[in-house]
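Asks: 3D model of this:
(2 chains)
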There are 2 protein chains.
Amino acid sequence: MLEGWLRLKVLLIIGDGMADRPLKELGWKTPLEAARKPSMNHMASVGICGIMDPIAPGIPPGSDTATLALLGYDAFEVYSGRGAFEALGSGIAVMEGDVCFRCNFASVDENHVILDRRAGRIADSDASKLAESLKKVKLSDSSVKFLFANTVQHRAVLVLRGSKLSRAVSDSDPGITGEKVLEVKPLEDNSEARHTAKILNELMEKFHKVLKEHPINKERVARGLPPANAILVRGAGILPKIRPLSEIYSVEAVCVAATSLIRGVCKAAGMQLLTIKSATGTPQTDYIAKAKAAVQALKENDLVLLHVKAPDVASHDGNVRQKVEVIEKIDRMLSYILNKVDLGETYVALTADHTTSCVTGNHEGDPVPVAITGPYVRSDDVEEFGERACAKGGLGRLRGKDLMPILMNFIGKVKKFGA
Amino acid sequence: MLEGWLRLKVLLIIGDGMADRPLKELGWKTPLEAARKPSMNHMASVGICGIMDPIAPGIPPGSDTATLALLGYDAFEVYSGRGAFEALGSGIAVMEGDVCFRCNFASVDENHVILDRRAGRIADSDASKLAESLKKVKLSDSSVKFLFANTVQHRAVLVLRGSKLSRAVSDSDPGITGEKVLEVKPLEDNSEARHTAKILNELMEKFHKVLKEHPINKERVARGLPPANAILVRGAGILPKIRPLSEIYSVEAVCVAATSLIRGVCKAAGMQLLTIKSATGTPQTDYIAKAKAAVQALKENDLVLLHVKAPDVASHDGNVRQKVEVIEKIDRMLSYILNKVDLGETYVALTADHTTSCVTGNHEGDPVPVAITGPYVRSDDVEEFGERACAKGGLGRLRGKDLMPILMNFIGKVKKFGA
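Replies: Numbering: from 1, shown residues only, chains lettered A, B, ... in the order given. Model prediction:
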């Protein structure tokens, strides 16, 4: 009766922001509905489908909270800010108590008014040299250490390490150009929050002094490029208190994702991170290289999460045509996967982490479609992978945090509750 | 990309107790299913449908808890009794700490046995004169003030104001004729509850003394009418601790409702209350006047709640024919609305606050149908607005408290959770 020689596995494929609303230019179809996607439709046909509220009906999820939910965590309970995920995803070994921030290299004028929040999307090489100099800054409170690392282009992360720190501090990044860099303020009335705000303001000031005199910036100005003369911080976060997936489900789990935020969430869940050089987190990413890595990883692991950022990028740009195209590329990636994996022992789930509207350019709280194939799923009548088709599926309407237990249950990894 | 020139709005139409169970006299259709309702069916056809448990599956909601839920609150968490809503709805500026009650003018005999719980549905003019006299009563504890106001016919509200009061007290209204007026008892073992019960019993006694000697009542007896010689209290309540909708969603919100309970819940949620003279809360209400007010209110507001009490009244009376008729009147009201509002920028939602059975005459815990139309809804295959047809819709099965986030998400008013 038991097929003990099989090692059942799960491949969870997430198209970031892949779900959408009906669009006039697509004849009131969504990009998913309009795209040519034979492999996705095949999954819908042979599998079980449904719709899913990543967080809860009507709540627009961040990519961090949505990914936490898809990994089975209750994001309302465990979410502790974005910063720690960004830092983890960039390769910093974040420790308990560390307070982490997303940073931007920015261009400001002499009055600290922001001229460019991305310092002209500064090249990695320039950013690296500037970051080297920033690492030498000394804080007046020697009990607090900081780590600073640039990641891609203008992006960077900052980690404060020491006792008596708090994530209850405001952003210095106002989010738009033409406004002054904001003073960081404590968001709670306690000494930790006040202390953390003070340290950040000191750091921002010292960073600014180093940057504005830096030879790289003088050279940039000479070349007609905006100087990267300020660091903006936002999204204070600490490590969430979560049990790793290996402990909850006794699984070996791996993440194939280029986006540092997603990598960070997976790292926080105890997953191994694979790095694929040609995977860029852009619509031009190497879809097949990611697919190959995922197929390979399935041989040694119980759970592989394969994340593709591209549809979200297209949606934020309101680029409907590009969104349809990247969905079609994901479909070809899926075709490769379905041809390579052993479908007799692999459950494949396909979904999105949230809806991103090409009209508003924002994450929206509309549900996402989900399809699951595998040896013993109760297949339904749905024959198309789309927001509306999947709503008629056998899974009904789920919450994001229910997906991982459903998948782990298929491979026998969920402990019985009761006796 | 952004449609910044649009001011998206939501109109939420609630037919009180409009949902029902299949009825033999309607060939096992529900009143909604049996009614001629082209506009409701049009909404179902072009919109997205579903069914909704106002509170939770199988739980019969009160109109107060159901309306709280439909406004997006967790009624299990925030509900604090009916009294404060009744008082707010009658126009009293209820303050934090006030304990409020629904009251009836009733007729009792010399042994305090209730002869008529509604004092022959006493006319407003008589009730007003009696209420004036009651306001002069003095309590022995001068630290407690009371406010008393008659509303419609035999209905009235009482508010106790002072420190050390509690809503944990029993009703004096036994709910049926032929029984004695009950002594109010503390429902918790603490001095606040005991103190509040004592004050109420003193007030009831003093009110009775004033009323039984009142010229209006002597005149009523002379005219062969039952005297309104007692006040019955029930439904102790305090203001719920809820954040106003304006704060949660940054919206301007308005309520078009005649029923004081619904008005009170909306007031507690920070909504503006419109008063339409010809709207009566009865099956004979001026449906089109309400529709006009709602359409007008949509011009200046983000959210308009339009509530029609009539189907609940018909259901409580077990009047199947009248229920079908008022549903058809609501359909004509809806037709007026759909012709007048700008459907390019308005989301219209149609639902009921609960099922009221024409057979039992009670609120029941069966789910209610819901339909939402608007520019970017993911329309489904449902073509009829009914309890069974909507169960096949794209929304699936929701909870009442999820409806408001879903609607607010459509108009871009829900803050992202996470980053």
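Asks: drop to CA atoms for contacts and neighbour counts, all remaining ones
Replies: OK.
Asks: run through who's touching the top strand by length along chain A.
Replies: Criterion DSSP state E: the longest strand present in chain A is strand A:99-108. Residues outside strand A:99-108 that contact it (Cα atoms under 8 Å, 6 or more residues apart in numbering or on different chains): A:82-84, A:86-87, A:114-119, A:122, A:127, A:154-161, A:165-167, A:226-238.
Asks: which secondary structure state is assigned to the residue in the stretch 201-350 of chain A that chain B sits nearest to?
Replies: Closest contact between the stretch 201-350 of chain A and chain B, by Cα to the nearest Cα, is at A:Gly318 (6.0 Å). Counting by DSSP: H, G, I helix; E, B strand; the rest coil, the backbone at A:Gly318 sits in coil.
Asks: show me what counts as buried in stretch A:324-344.
Replies: A:324-338, A:341-343 (16 or more other Cα atoms under 10 Å in any protein chain shown).
Asks: phi, psi for the residue nearest the centre of chain A please.
Replies: The residue lying closest to the centre of chain A (Cα atoms, centre = their mean) is A:Ile262, at 3.0 Å. Torsion angles at A:Ile262 (phi, psi; degrees, to the nearest 10) stand at phi -70, psi -40.
Asks: same thing with A:Gly17?
Replies: phi 60, psi 20.
Asks: any low-confidence regions in the stretch 201-350 of chain A?
Replies: Within the stretch 201-350 of chain A, no stretch has pLDDT under 70.
Asks: which residues of it lie near chain B?
Replies: A:Gly235, A:Gly318 (Cα under 8 Å from any Cα of the partner chain).
Asks: quick check: closest non-adjacent residue to A:Trp28.
Replies: The shortest distance from A:Trp28 to any non-neighbouring residue, by Cα to Cα, 6 or more residues apart in numbering or on different chains, is to A:Pro22 (4.6 Å).
Asks: thought that neighbour was touching A:Arg388?
Replies: No: in this structure A:Pro22 lies outside contact range of A:Arg388 using Cα atoms under 8 Å: 9.8 Å.
Asks: give me the more crowded residue out of those two.
Replies: A:Arg388 (28 against 25; other Cα atoms under 10 Å in any protein chain shown).
Asks: who touches that one in this structure?
Replies: A:Arg388 neighbours (Cα under 8 Å, 6+ apart): A:Pro369, B:Arg378, B:Ser379, B:Asp380, B:Gly394.
Asks: before we move on, what about A:Gln284?
Replies: Taking Cα under 8 Å, 6+ apart, one finds A:Ala310 in contact with A:Gln284.
Asks: show me where the stretch 251-400 of chain A has its strands.
Replies: Counting by DSSP state E, counting those that start in this stretch, the stretch 251-400 of chain A has strands at residues A:253-256, A:272-274, A:303-308, A:346-352, A:355-356, A:363-364, A:368-373, A:396-399.
Asks: B:Val414: which of those strands is closest?
Replies: strand A:363-364 (8.6 Å; Cα to Cα).
Asks: touching the helix or strand harbouring A:Thr196 from outside, list them.
Replies: Taking DSSP states H and E as the criterion, A:Thr196 maps to helix A:191-212. Applying Cα under 8 Å, 6+ apart, the contact partners of helix A:191-212 are A:130, A:133-134, A:137, A:139, A:141, A:164-170, A:183-188, A:217, A:227-232.
Asks: now those: which count as buried?
Replies: Counted by 16+ other Cα under 10 Å, the contacts of helix A:191-212 give A:130, A:134, A:165-170, A:183-186, A:217, A:227-232 as buried.
Asks: what comes up buried for stretch A:372-382?
Replies: Buried-residue list, stretch A:372-382, by 16+ other Cα under 10 Å: A:Ile372, A:Thr373, A:Gly374, A:Ser379, A:Asp380, A:Asp381, A:Val382.
Asks: could those be laid out in CSV, adding distance to A:Leu274 and pLDDT?
Replies: Listed next are these as CSV, based on distance: Cα to Cα, whole Å; pLDDT from 0 to 100:
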residue, distance to A:Leu274, pLDDT
A:Ile372, 24, 98
A:Thr373, 24, 98
A:Gly374, 24, 97
A:Ser379, 32, 97
A:Asp380, 34, 98
A:Asp381, 36, 97
A:Val382, 34, 98
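Asks: what's stretch A:406-418 in contact with?
Replies: Against stretch A:406-418 from outside (Cα under 8 Å, 6+ apart): A:Leu8, A:Lys9, A:Val10, A:Tyr249, A:Ser250, A:Val251, A:Tyr347, A:Tyr376, A:Val377, A:Pro405.
Asks: what's the second one in contact with, if anything?
Replies: A:Lys9 makes contact with A:Leu298, A:Asn301, A:Asp302, A:Leu303, A:Glu345, A:Thr346, A:Tyr347, A:Ile411, according to Cα under 8 Å, 6+ apart.
Asks: in CSV, list the residues you listed along with distance to A:Asp312 and neighbour count.
Replies: CSV is the format used below for the contacts of A:Lys9 (distance: Cα to Cα, whole Å; neighbours: other Cα atoms under 10 Å in any protein chain shown):
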residue, distance to A:Asp312, neighbour count
A:Leu298, 26, 23
A:Asn301, 27, 19
A:Asp302, 27, 23
A:Leu303, 23, 29
A:Glu345, 31, 17
A:Thr346, 27, 23
A:Tyr347, 25, 25
A:Ile411, 30, 21
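Asks: list the helices and strands the helix or strand following the longest strand of chain A packs on?
Replies: Sequence order places strand A:114-116 as the next helix or strand after strand A:99-108, per DSSP H and E. For strand A:114-116, the elements it packs on are strand A:99-108, judged by 3 or more Cα pairs under 8 Å, 6 or more residues apart in numbering or on different chains; DSSP states H and E.
Asks: given the strand it packs on, what are its sheet partners and their directions?
Replies: In the sheet, strand A:99-108 lines up against strand A:114-116 (antiparallel), strand A:155-161 (antiparallel), strand A:230-237 (antiparallel) (DSSP bridges).
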